[in-house]
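K.L.:
what's the 3D shape of this:
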Amino acid sequence: MSKTLYPALPVLLVDDEEAFLRSLSVSLARHAGINNVIVLSDPREVEPLLKKQRISLALVDYTMPWLSGKDILDLVAIEYPEIPVIMLTGRDQVETAVCCMKLGAFDFFVKTVEDERLMVGIRRALRMSELQQENLRLQDGYMKSELNNPGAFAGIVTRSERLLKILKYVEAIASSRQPVLITGESGTGKELVARSLHQLGCPQGSWVAVDVAGLDDDMFADTLFGHVKGAFTGAEQARKGLVEDAAGGVLFLDEIGALSQASQLKLLRLLQDNEYRPVGADRPRRCAARIVAATNQNLAELQESGAFRRDLYYRLRTHHVHLPALRQRPEDIPLLLDHFLDIAAQEFHKNKPTPPAEIDLLLSTYHFPGNVRELRAMVFDAVSTHNTRKLSMDAFKRAMGRDDGRELLGMIEAGVEAAQGARAVEFPVQLPSIRELTSQLIAEASRRAGGNQSIMAGMLGISRPALNKRLKKLDGEED
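P.N.:
This is a model prediction of the structure:
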């Protein structure tokens, strides 16, 4: 397995002291996980290098022969303003620091006494560089009508412009090492998006997934961080945690909204310091995995109520992907139906059934609380009992609760939700009469069902004869 390089664009180190370059390279790898570096002991080589090689960050010594750090800073500021430059010096001189900052340096550090602060400054500069690169990729992506890497999204079937824009954003953030928070209702495909991030950003690394909802505080620490031999009774040998298993890849934490406060604090420390400590260990270890978390809960509301830490919330949502519900992308329903019919027919060793012409209309009137996962279950159930050439709609109607006249309340509570989001039905100050409300409800059902009276009756929770009777009554009243 090839070693994962971080960052994607190398960090440039420029200093005429080769011993310091070696020492700094080791420190960057050990304390910041940075193993993609280019070292130059001759500052005259910087300009030719920048003409042929993109870099994410430059660390430059202030005092060097041939060209000073100030000369290199001038060059980068004019020719390559997108590259952050951190200046290093052997002496703490306020005037020098002020001069460098005025010339556009990202930061200024003394070599020998500020190692910890230097690492913090480097991480901050890399974060800014990553954001700039992501913005450029996003701008480039939105100019195109297609994904750059459609193969990475093979499991996501869509022609929704709304979802395609989200997938372009996923492409843009794939190379970042920052945490990603994926939100959306159950069944919208959060794990599929997390797997796409893994495929795009670090396919050679491991994919490790865990549902953290079932872990108490002790299990959370032991599962994620592992333990050393003798850490507790029964720990007869050391065990690696999932963070170590996912090194160079993605650690996917599902149901993150269910974490206890104590576990939230442990996760926050992992994200803040990029370090963790196995249970019973004396020394911390570097985290080399990218953290991707998912939840169907509203973390913004949870952190407002105090159930979820505000600092952890903002750490997790450095990148935020919110997936729309299926009812918010109805153009995908026929596409998904055909896709699942293919898969189900193969699994049940049957010929692919022909769906009736009315099924697209029927499905378009349903709000799909279980989203894509629910549609898939409907299709598999229908195909499992299918024996003729044409697919029956009975299994779909049964799953939608439209086979026994119990749909009127669902029409009011769920059908309106599909059209208006999560809002309740709103009435004017002057309430309409029962006759007016009935007329409007039937008219809306007719619009959604395209005039198909069988579907209208199912939506309204009444039989077809009862619907005909009401329609005739309304026609007679209008006459």
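K.L.:
for this protein, longest helix please?
P.N.:
If you go by DSSP state H, the chain has its longest helix at helix 115-142.
K.L.:
helices or strands up against that one?
P.N.:
helix 18-32, strand 57-61, strand 85-89, strand 107-110, helix 161-173 (3 or more Cβ pairs under 8 Å, 6 or more residues apart in numbering; DSSP states H and E). Quick note: C-beta positions are derived from backbone N, CA and C, even for glycine.
K.L.:
most neighbours per residue, which of these?
P.N.:
strand 57-61 (a mean of 25; mean count of other Cβ atoms under 10 Å).
K.L.:
quick revisit: and the longest helix of the chain, what's buried?
P.N.:
For helix 115-142, the neighbour count (16 or more other Cβ atoms under 10 Å) marks 118-119, 121-123, 125-127, 129-130, 133-134, 137-138, 141 as buried.
K.L.:
what does stretch 294-303 give?
P.N.:
Neighbour counts over stretch 294-303 (16+ other Cβ under 10 Å) mark Ala294, Thr295, Asn296, Leu299, Leu302, Gln303 as buried.
K.L.:
and that stretch, what's its mean pLDDT?
P.N.:
Taken as a whole, stretch 294-303 has a mean pLDDT of 92.
K.L.:
outside of it, which residues touch it?
P.N.:
Stretch 294-303 has contacts (Cβ atoms under 8 Å, 6 or more residues apart in numbering) with 181-186, 190-191, 194, 252-258, 308-310, 313, 316-317.
K.L.:
do the same with stretch 204-220
P.N.:
So stretch 204-220 is in contact with 1-2, 4, 191, 194-195, 198, 223-224, 242, 245-256, 258-260, 262-263, 266, 289, going by Cβ under 8 Å, 6+ apart.
K.L.:
out of those residues, which sit inside helices?
P.N.:
Of the contacts of stretch 204-220, the ones assigned to helices by DSSP H are Glu191, Ala194, Arg195, His198, Thr223, Leu224, Leu242, Asp245, Ala262, Ser263, Lys266.
K.L.:
between all of those residues, which two are separated the most?
P.N.:
The largest separation in the ones in helices among the contacts of stretch 204-220, counting by Cβ to Cβ, is between Arg195 and Ala262 at 29.3 Å.
K.L.:
looking at the two, which is more packed in?
P.N.:
Arg195 (21 against 12; other Cβ atoms under 10 Å).
K.L.:
can I get the buried ones among the contacts of stretch 294-303 as something I can paste into ChimeraX?
P.N.:
In ChimeraX, a selection of the buried entries from the contacts of stretch 294-303 looks like this (16+ other Cβ under 10 Å):
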select :181,182,183,184,185,190,194,252,253,254,255,256,257,258,308,309,313,316,317
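K.L.:
just the ones of the contacts of stretch 294-303 in strands?
P.N.:
Mapping the contacts of stretch 294-303 onto strands (DSSP state E) picks out Leu181, Ile182, Thr183, Phe252, Leu253, Asp254.
K.L.:
can you redo those residues as JSON lines with pLDDT?
P.N.:
Shown next, in JSON lines, are the ones in strands among the contacts of stretch 294-303 (pLDDT from 0 to 100):
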{"residue": "Leu181", "pLDDT": "96"}
{"residue": "Ile182", "pLDDT": "97"}
{"residue": "Thr183", "pLDDT": "96"}
{"residue": "Phe252", "pLDDT": "98"}
{"residue": "Leu253", "pLDDT": "97"}
{"residue": "Asp254", "pLDDT": "96"}
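K.L.:
and those residues as TSV, adding distance to Gln453?
P.N.:
Compiled in TSV, the ones in strands among the contacts of stretch 294-303 are given as follows (distance: Cβ to Cβ, whole Å):
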residue	distance to Gln453
Leu181	46
Ile182	42
Thr183	40
Phe252	47
Leu253	49
Asp254	44
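K.L.:
my read: Gly33 touches Asn274, true?
P.N.:
Yes - between Gly33 and Asn274 there is a contact at 6.5 Å, judged by Cβ atoms under 8 Å.
K.L.:
which residues are in contact with both of the two?
P.N.:
Listed as contacting both Gly33 and Asn274 by Cβ under 8 Å, 6+ apart are Arg286, Cys287.
K.L.:
quick one: low-confidence parts of the stretch 301-450 of the chain?
P.N.:
Across the stretch 301-450 of the chain, the ranges flagged by pLDDT under 70 are 403-425, 429.
K.L.:
mind listing the helices in it by residue range?
P.N.:
Secondary structure of the stretch 301-450 of the chain by DSSP state H, counting those that start in this stretch: the helices cover 310-316, 333-347, 359-364, 371-384, 394-399, 408-410, 416-420, 434-448.
K.L.:
show the backbone phi and psi for Arg286.
P.N.:
The phi and psi values for Arg286, taken as degrees, to the nearest 10, are phi -80, psi 140.
K.L.:
re earlier: nearest to Glu426, of the buried residues of stretch 294-303?
P.N.:
With Cβ to Cβ as the yardstick, the closest approach to Glu426 among the buried residues of stretch 294-303 comes from Asn296, at 26.4 Å.
K.L.:
list the contacts for the spatially closest residue to Ile359 that is not a sequence neighbour?
P.N.:
Distances taken as Cβ to Cβ, 6 or more residues apart in numbering put Met393 closest to Ile359, at 5.7 Å, once the chain neighbours are dropped. Neighbouring residues of Met393 by Cβ under 8 Å, 6+ apart: Pro356, Glu358, Ile359, Leu362.
K.L.:
from Leu363, how far off is Met393?
P.N.:
Going from Met393 to Leu363 by Cβ to Cβ, to the nearest Å gives 9 Å.
K.L.:
one more: Arg317?
P.N.:
Arg317 is 33 Å from Leu363, by Cβ to Cβ.
K.L.:
what's the answer for Glu191, then?
P.N.:
Distance, Glu191 to Leu363, by Cβ to Cβ: 24 Å.
K.L.:
A helix includes Ile38, no?
P.N.:
No - applying DSSP: H, G, I helix; E, B strand; the rest coil, one finds Ile38 to be strand, outside a helix.
K.L.:
residue contacts, it?
P.N.:
By Cβ under 8 Å, 6+ apart, Ile38 lies in contact with Pro10, Val11, Leu12, Leu13, Leu49, Gln53, Ile55.
K.L.:
follow-up on the earlier one: JSON lines for the buried residues of stretch 294-303, including distance to Ala281?
P.N.:
Shown next, in JSON lines, are the buried residues of stretch 294-303 (distance: Cβ to Cβ, whole Å):
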{"residue": "Ala294", "distance to Ala281": "28"}
{"residue": "Thr295", "distance to Ala281": "29"}
{"residue": "Asn296", "distance to Ala281": "34"}
{"residue": "Leu299", "distance to Ala281": "30"}
{"residue": "Leu302", "distance to Ala281": "31"}
{"residue": "Gln303", "distance to Ala281": "30"}
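K.L.:
among these, name the ones in strands.
P.N.:
Under the assignment DSSP E, the buried residues of stretch 294-303 contribute Ala294, Thr295 to strands.
K.L.:
what's the closest of the buried residues of stretch 294-303 to Val110?
P.N.:
Nearest to Val110, judged by Cβ to Cβ, of the buried residues of stretch 294-303 is Gln303 at 38.3 Å.
K.L.:
skip the chain neighbours and tell me the closest residue to Leu391.
P.N.:
Closest to Leu391 by Cβ to Cβ, 6+ apart is Pro353, at 4.0 Å.
K.L.:
next one: that neighbour from Pro278, what distance?
P.N.:
Relative to Pro278, and taking Cβ to Cβ, Pro353 is found at 53 Å.
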